[in-house]
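Engineer: sequence isn't available, so here's the structure alone:
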């Protein structure tokens, strides 16, 4: 009888186990999203080989040939000038800025700036560093009948051997 009771207890245990719900499957674990690849570093603007300065904060010294071909050297028509922070008009000193701006002409041939005081009034302010040598730039707004022109100027481009007061 003991055997029967043991057998019956075993059968009941098996029957009870069959009625228990099966253990739940583990919930799928989502893989973390992969991190985006790092953005490539922005290449630093290369300075031109023409960026020789005798003093750390002094002007760039250009040979006579290079000075004659600097940006804006032979341009007086504001409509034809392509001036930007990356490519400013290159002159030597504040006097060079003034001289260039007084020589500038509108499309109809008129001079928009007629005096040193008018040049001072046209200056918007500093435009930060720019140009081929990353010099401090000045920004002027020059108004003509056809448009108002933004003229970026780098006054740190001088003829080799010239003095910079």
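Structural biologist: Structure's in. What do you need? Predicted, not measured: the structure shown is a model, and the values here were computed from it.

Engineer: what's the pLDDT at residue 155?
Structural biologist: Looking at residue 155, its pLDDT stands at 94.

Engineer: likewise for residue 63?
Structural biologist: So residue 63 comes in at 88 (pLDDT).

Engineer: OK, contacts around it?
Structural biologist: By Cβ atoms under 8 Å, 6 or more residues apart in numbering, residue 63 lies in contact with residue 160. Every residue, glycine included, has its C-beta placed from N, CA and C.

Engineer: so which helix or strand takes in residue 153?
Structural biologist: strand 148-154 (DSSP states H and E).

Engineer: packing partners of the next helix or strand after that strand?
Structural biologist: Next in sequence after strand 148-154, counting helices and strands by DSSP H and E, comes strand 157-159. Packing contacts for strand 157-159, counted by 3 or more Cβ pairs under 8 Å, 6 or more residues apart in numbering; DSSP states H and E, involve strand 60-62, helix 64-68.

Engineer: buried set for the shortest one?
Structural biologist: Counting neighbours by 16 or more other Cβ atoms under 10 Å, one finds that the buried residues in strand 60-62 are 60-62.

Engineer: what lies in contact with that strand?
Structural biologist: With Cβ under 8 Å, 6+ apart, strand 60-62 has contacts from 50-54, 70, 133, 135, 156-162.

Engineer: now swap in the last one and tell me
Structural biologist: By Cβ under 8 Å, 6+ apart, the list of residues contacting helix 64-68 from outside reads 50, 73, 157-160.

Engineer: now for those residues: which two are most distant?
Structural biologist: Greatest spatial distance in those: 73 and 160, 14.8 Å, computed using Cβ to Cβ.
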